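1. Output the structure for:
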Amino acid sequence: MGTSLRAVPTSALVNGGLELPDTTRRTFRLDGGRWETPGPDDAESLVERLVRAGVVVRDPLVAEVLRGHRPEVSERTVERRFRAVTGLTRGGVRQIERARKAAGLPAIGEPAADVVAELGYFDESQLARALRSSAGRTAGRTAGQPREGAGGAIALDLDQRLTS
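-> Numbering: from 1, shown residues only. So this is what the prediction gives:
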């Protein structure tokens, strides 16, 4: 979260994608350079090279905000930078993160009523709606699926990304 491609607006990637020009099985072109298409074991080294070349950048202000700090700029500046870098509003990320946590708690045996109380939902129906709607982009599950072990992985794990 807070990492982006320097030459590509994040808004172009949210709910979409990017067609890379002059792509072959072995190479692709990105931000004026030709890069070797990585294999499964080479993806991390490609990302490291992209970071060193300045193709992949991280906005320190966004990282600071996600860690709970208040930067010394206006709220409007924070929101504008946050949206430009992530493609989402801070509130949208908070909703997704809360729904991600909510989807994981029943999987470890936490009763729905406890999840409602712990994460500040009004009631179980609001929790269920959150798992279907705002989390639908990431969790994409019903309230019962985590308990059953169904529904697959949940994206946007902020805790993991902030510590990496």
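2. drop to CA atoms for contacts and neighbour counts, all remaining ones
-> Noted.
3. Please list all residues in contact with Asp31.
-> Arg6, Ala7, Val55 (CA atoms under 8 Å, 6 or more residues apart in numbering).
4. Would you mind measuring from the first one to Asp114?
-> Separation of Arg6 from Asp114 (CA to CA, to the nearest Å): 42 Å.
5. likewise the last one?
-> The gap separating Val55 from Asp114 is 44 Å, by CA to CA.
6. List only buried entries from the contacts of Asp31.
-> Val55 (16 or more other CA atoms under 10 Å).
7. Adding secondary structure and pLDDT as columns, could you present the contacts of Asp31 in JSON lines?
-> Below are the contacts of Asp31 laid out as JSON lines (DSSP: H, G, I helix; E, B strand; the rest coil; pLDDT from 0 to 100):
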{"residue": "Arg6", "secondary structure": "coil", "pLDDT": "87"}
{"residue": "Ala7", "secondary structure": "coil", "pLDDT": "86"}
{"residue": "Val55", "secondary structure": "coil", "pLDDT": "94"}
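8. and which of the contacts of Asp31 is nearest Gly87?
-> Arg6 (13.5 Å; CA to CA).
9. how far away is the nearest residue to the closest one once chain neighbours are set aside from Ser11?
-> With sequence-adjacent residues excluded and distances taken as CA to CA, 6 or more residues apart in numbering, Arg6 is closest to Val55, at 5.4 Å. Per CA to CA, Val55 is found 17 Å from Ser11.
10. and what of Leu30?
-> Counting by CA to CA, the separation of Leu30 from Ser11 is 17 Å.
11. between these two, which one's more packed in?
-> Remark: of Leu30 and Ser11, Leu30 carries more neighbours, 18 against 15, as counted by other CA atoms under 10 Å.
12. Run through the bridge partners of the more buried one.
-> When bridges are called by DSSP bridges, Leu30 pairs up with Gly33.
13. Quick check: it vs Pro38, distance?
-> Per CA to CA, Leu30 is found 14 Å from Pro38.
14. can you check Gly120 too?
-> From Gly120 to Pro38 the distance is 43 Å (CA to CA).
15. More neighbours: the two, which one.
-> Pro38 (14 against 11).
16. mind checking which helix or strand of the protein has the lowest mean pLDDT?
-> The least trusted helix or strand in the chain, going by mean pLDDT, DSSP states H and E, turns out to be helix 158-163, with a mean of 40.
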